[in-house]
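> Dropping the sequence and predicted coords here.
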Amino acid sequence: QVQLVDAGGGLVQAGGSLRLSCAASGRTFSDYTMGWFRQAPGKGRELVASISRTGRNSYYADSVKGRFTISRDSAKNTVYLQMNSLKPEDTAVYYCAADRLASLESYAYDYWGQGTQVTVSS
């Protein structure tokens with residue numbers, strides 16, 4: 001079992017920045033591919049970014065490329081999502097996820113955080 005705790009969401013104006021964090025516990029952090037997903041009201045869950053077990057490879061949705069950066073700190077068992085130049089369409093609940101076998105573009109994750117709300121005002 002892996003426990004994930006998301007944090008860092010909030011209300012920000014368009015053009016602003018937020019950094020989300022996801023603290024993992026329960027298993028060896030470096031064994032897991034980590035991903036950030038989001039779900040806006042009335043929409044399906046979208047893969048925003050993911051990072052490989054070593055941290056050397058990452059994936060970004062086209063909608064966030066150049067604005068968001070995913071990173072992981074194995075010493076702190078934490079994955080981050082730095083979000084810059086935020087837009088109103090980034091408004092969603094953001095979830096981190098972990099899986100031992102997921103590829104970088106996979107949606108099949110075994111473990112999920114509770115979600116953190118990000119609201120971007122225009």
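The structure has been received and is ready for your questions.
> and the closest residue in space to residue 39 that isn't next to it in sequence, how many neighbours?
Nearest-residue entry for residue 39: residue 45, 4.6 Å, with adjacent residues in sequence omitted and distances by Cβ to Cβ, 6 or more residues apart in numbering. Glycine gets a C-beta too; all of them are placed from N, C-alpha and C. The local packing of residue 45 (other Cβ atoms under 10 Å) involves 15 other residues.
> Just read off the phi/psi values of residue 45.
When read as degrees, to the nearest 10, the backbone of residue 45 gives phi -80, psi 140.
> Contacts for stretch 61-69 next, please.
46-49, 60, 80-86, 89-90 (Cβ atoms under 8 Å, 6 or more residues apart in numbering).
> Please identify which pair of those lies farthest apart.
80 and 89 (21.5 Å; Cβ to Cβ).
> from the contacts of stretch 61-69, which is closest to residue 99?
Once Cβ to Cβ is applied, the member of the contacts of stretch 61-69 that ends up nearest residue 99 is residue 47, at 11.9 Å.
> contacting residues around the closest one?
So residue 47 contacts 35, 36, 37, 59, 61, 105, 106, 107 (Cβ under 8 Å, 6+ apart).
> rerun at 7 Å
In this structure, residue 47 makes contact with 35, 37, 61, 105, 107, judged by Cβ atoms under 7 Å, 6 or more residues apart in numbering.
> three-state assignment of it?
Recorded secondary structure, residue 47: strand (DSSP: H, G, I helix; E, B strand; the rest coil).
> that older thread, who has more neighbours out of residue 80 and residue 89?
Using other Cβ under 10 Å, the more surrounded residue of residue 80 and residue 89 is residue 80, with 20 against 11.
> Quick check: the more buried one touching residue 19?
Yes. Shown here, residue 80 and residue 19 form a contact pair, counting by Cβ atoms under 7 Å, at 6.0 Å.
> State the mean pLDDT of stretch 88-100.
Regarding stretch 88-100, the rounded mean pLDDT is 97.
> how far is that stretch from where the chain is centred?
Stretch 88-100 has its C-alpha centroid displaced from the chain centroid by 5 Å (Cα atoms, centre = their mean, to the nearest Å).
> Give me the contacts around that stretch.
Applying Cβ under 7 Å, 6+ apart, the contact partners of stretch 88-100 are 2, 4, 6, 9, 14, 20, 22, 24, 31-40, 79, 83, 108-113, 115-122.
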